[in-house]
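Engineer: give me a model of this one.
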Amino acid sequence: MTAASRLRAKDSHRPLAGLNILVVEDHADSRDFLEEILTYYGATVVAVESATEAMRMVKRTAPHVVIADIAMPHHDGVWLLKELRQHQAITGHYVPVVALTASVSRPLKVDFDAVLIKPCPIDKVCRVIQRLTEPAPPQKRRA
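Structural biologist: Modelled structure (predicted):
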């Protein structure tokens, strides 16, 4: 049984307990909603309104997952993903990034770990976060 499976079995009302999540959303209502609901489900959430602010937070904290809006003023979610991957190359710390967008009218030619379309049911958001944060199964050693 994986750690995430044990967590779900232990407390189905707080399936995100123990996770640090960074939410990046320029619309205050959406940002506040995500922060409130993810906190309700057990996560520790830091919510910011810009990609620039998100990069400052990533350097100070250690999020397990970043959930980012795509269409934001100044720097968008694609810029944030590129910056996060450059930061990862320096630190060696991989952080999954979930794109949250109202439209996929333009193709996303970058490698987000998941793309969710707004409005997205919160149970789907939780399942995606759980999937991205489950530890990899141990690899068999060869003799």
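Engineer: quick one, helices of this structure?
Structural biologist: 3-10, 28-40, 51-60, 77-91, 122-133 (DSSP state H).
Engineer: switch those over to CSV; also include mean pLDDT.
Structural biologist: Below are those laid out as CSV (pLDDT from 0 to 100):
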stretch, mean pLDDT
helix 3-10, 44
helix 28-40, 95
helix 51-60, 94
helix 77-91, 91
helix 122-133, 94
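Engineer: format those helices as a markdown table; extra columns: distance to Ile21.
Structural biologist: For the C-beta atoms, the positions are set from N, CA and C on the backbone; glycine is no exception. A markdown table is the format used below for the helices of the chain (distance: least, C-beta to C-beta, whole Å):
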| stretch | distance to Ile21 |
| --- | --- |
| helix 3-10 | 14 |
| helix 28-40 | 6 |
| helix 51-60 | 11 |
| helix 77-91 | 14 |
| helix 122-133 | 7 |
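Engineer: output those helices in JSON lines, with distance to Ala114 and mean neighbour count appended to each entry.
Structural biologist: Listed next are these as JSON lines, based on distance: least, C-beta to C-beta, whole Å; neighbours: other C-beta atoms under 10 Å:
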{"stretch": "helix 3-10", "distance to Ala114": "15", "mean neighbour count": "13"}
{"stretch": "helix 28-40", "distance to Ala114": "15", "mean neighbour count": "15"}
{"stretch": "helix 51-60", "distance to Ala114": "17", "mean neighbour count": "17"}
{"stretch": "helix 77-91", "distance to Ala114": "12", "mean neighbour count": "16"}
{"stretch": "helix 122-133", "distance to Ala114": "5", "mean neighbour count": "16"}
